[in-house]
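1. sequence first, then the predicted structure:
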Amino acid sequence: MQYGILNFTEPEPDTSRKILHVDMDAFYASIEMRDNPKLANQPVVIAKHPNLTEGRGIVSTCNYIARQYGIHSAMSSLEAYKRCPHAVFIHGNMAHYIEVSEQIRQIFYQYTDSVEPLSLDEAYLDVTHNKKDIKSAIKIAHLIQQQILDEIGLTCSIGVSYNKFIAKIASDFHKPFGITLVTPEEAVEFLKQLPIEDFYGVGRKSVPAFHALKIMNGADLFEWNLDDLIQRFGKMGHSLYFKVRGIHNSPVKSTRERKSIGTETTFAKFLDNEADVLTFFERLTLKVVQKLKLKSLKAQTITIKIRFDDFETITRQLQLSKPSNDFEEYYAVVQKLWHKHGNLERNIRLLGVSVSKFEDLKYSTIQLDLE
């Protein structure tokens, strides 16, 4: 689809909203440190120790001390160990993290019902019209940040702006335990100084293509017209043209009707052994369960996706006897599907897990014990 710039009327940014993006600081690691104060001054890595997994496994997250050694999420646990042998490796307790996330979300609902969770540790809040009748979004951000600290014992960072895109970027600016406000008047200059890789939608593989065109930051991006960006980058170019101008009018969506929920991972280094396959399937299953519980859903149909190195893709599914969101039950099904349908005659470039046929727990029948 082509756009003629001379005939194109650029939309105006909707600056009427007051949006917060709340991002918990090193969430899983911070919970472990809160629960065990002896960890306070130690590097903490949420992953199985590589000595227990024959060097396999992936870092979920780590605390800020561990980050000083160059450790980050999605790094192999073996590499994390090499960088910091004295780090404390903790397998993690997803059920506990989900419980804490729910406690934090209940604080959000004290201020507004317009809450859009993105994961266990981050959410958008629209506080334009809020339950406290507070006009200042910054004041609400401070109140939420302090309440989470006082009641939950954890810190968060918050971005405050008139749209979700800018609020999300802003929440990263003063971590940990920071608040960053970007007003409509400041938005374009704020976006111009961002490195191009900080624009959501520009993936690691896309960055060289932007750099080759001498688009190093938002200011460079701003100089490109819409037609040229679409021609070079398609839908992403269209999106970026407006985002760098502070235009992203998507509302906070507190409810979403979805036909399926899933996640998948593409591997730069193809998988060639079953232990790695099962490790990643376990990780993907955890993410799906996390998403379900965030949305108070159960699902009955579980599907795995396998893409081989020659791009052939298969999907296989199994239906439970009744809807569930239990990790152990899901992972047992995922393993069963893999053992029945998977093979390593070819290397694997992608794995995925998804679920469907939902039951909404918020509206399900409540069984009362009358005895």
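-> All right, it came through fine.

2. in this protein, which spans are strands?
-> With strands called from DSSP state E, the chain shows them at 19-24, 44-46, 61-62, 88-90, 115-119, 122-126, 156-161, 179-181, 260-271, 297-308, 313-324, 348-360.

3. enumerate the positions of the last one that are buried.
-> When you say that, I think you mean strand 348-360. Neighbour counts over strand 348-360 (16 or more other C-beta atoms under 10 Å) mark 348, 349, 350, 351, 352, 353, 354, 355, 356, 358 as buried. In this view, the C-beta of every residue, glycine as well, is placed from N, C-alpha and C.

4. what's the most distant pair in those?
-> Using C-beta to C-beta, the buried residues of strand 348-360 span at most 29.3 Å, a distance reached by 349 and 358.

5. the helix of greatest length in the chain to strand 122-126, inter-axis angle?
-> Of all the segments of type helix in the chain, defined by DSSP state H, the longest one is helix 274-294. Inter-element angle recorded for helix 274-294 and strand 122-126: 20 degrees (by axes from the mean of the first three to the mean of the last three C-alpha atoms, to 10 degrees).

6. flag every buried residue along helix 274-294.
-> Residues of helix 274-294 classed as buried by neighbour count (16+ other C-beta under 10 Å): 276-294.

7. helices and strands around it, which ones?
-> Packing contacts for helix 274-294, counted by 3 or more C-beta pairs under 8 Å, 6 or more residues apart in numbering; DSSP states H and E, involve helix 94-108, strand 115-119, strand 260-271, strand 297-308, helix 327-341, strand 348-360.

8. now with 6 Å?
-> strand 260-271, helix 327-341, strand 348-360 (3 or more C-beta pairs under 6 Å, 6 or more residues apart in numbering; DSSP states H and E).

9. angles on the backbone of residue 93, please.
-> phi -130, psi 90 (degrees, to the nearest 10).

10. tell me, how many residues neighbour it?
-> Residue 93 is flanked by 15 other residues according to other C-beta atoms under 10 Å.

11. and residue 215, by the same measure?
-> Neighbour count for residue 215, taken as other C-beta under 10 Å: 23.

12. contacting residues for it?
-> For residue 215, the contacting residues are 196, 221, by C-beta atoms under 6 Å, 6 or more residues apart in numbering.

13. got phi/psi on it?
-> Phi and psi for residue 215, reported as degrees, to the nearest 10, are phi -100, psi 90.

14. show the pLDDT at it.
-> Residue 215 carries a pLDDT value of 97.

15. quick check: it vs residue 114, distance?
-> As defined by C-beta to C-beta, to the nearest Å, residue 215 lies at a distance of 35 Å from residue 114.

16. again, but for residue 325
-> 24 Å.

17. what does residue 154 give?
-> In terms of C-beta to C-beta, residue 154 sits 23 Å off from residue 114.

18. in the sheet, who's paired with the residue most central in space within the chain?
-> The chain has residue 119 as the residue nearest its centroid, 5.1 Å off, counting by C-alpha atoms, centre = their mean. Beta-bridge pairing for residue 119 (DSSP bridges): residue 122.

19. which parts of the stretch 101-250 of the chain are helices?
-> Ranges of helices within the stretch 101-250 of the chain are 137-152, 164-170, 187-192, 207-212, 218-222, 226-233, 235-243, based on DSSP state H, counting those that start in this stretch.

20. who's in contact with the second one?
-> By C-beta under 6 Å, 6+ apart, the surrounding residues in contact with helix 164-170 are 19, 21, 124, 159, 161, 180, 182, 187, 243, 248, 250.

21. just put those in JSON lines and tack on pLDDT and neighbour count.
-> Conversion of these to JSON lines gives the following (pLDDT from 0 to 100; neighbours: other C-beta atoms under 10 Å):
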{"residue": "19", "pLDDT": "98", "neighbour count": "26"}
{"residue": "21", "pLDDT": "98", "neighbour count": "27"}
{"residue": "124", "pLDDT": "97", "neighbour count": "24"}
{"residue": "159", "pLDDT": "98", "neighbour count": "27"}
{"residue": "161", "pLDDT": "98", "neighbour count": "29"}
{"residue": "180", "pLDDT": "98", "neighbour count": "22"}
{"residue": "182", "pLDDT": "98", "neighbour count": "21"}
{"residue": "187", "pLDDT": "97", "neighbour count": "23"}
{"residue": "243", "pLDDT": "95", "neighbour count": "20"}
{"residue": "248", "pLDDT": "92", "neighbour count": "20"}
{"residue": "250", "pLDDT": "91", "neighbour count": "12"}
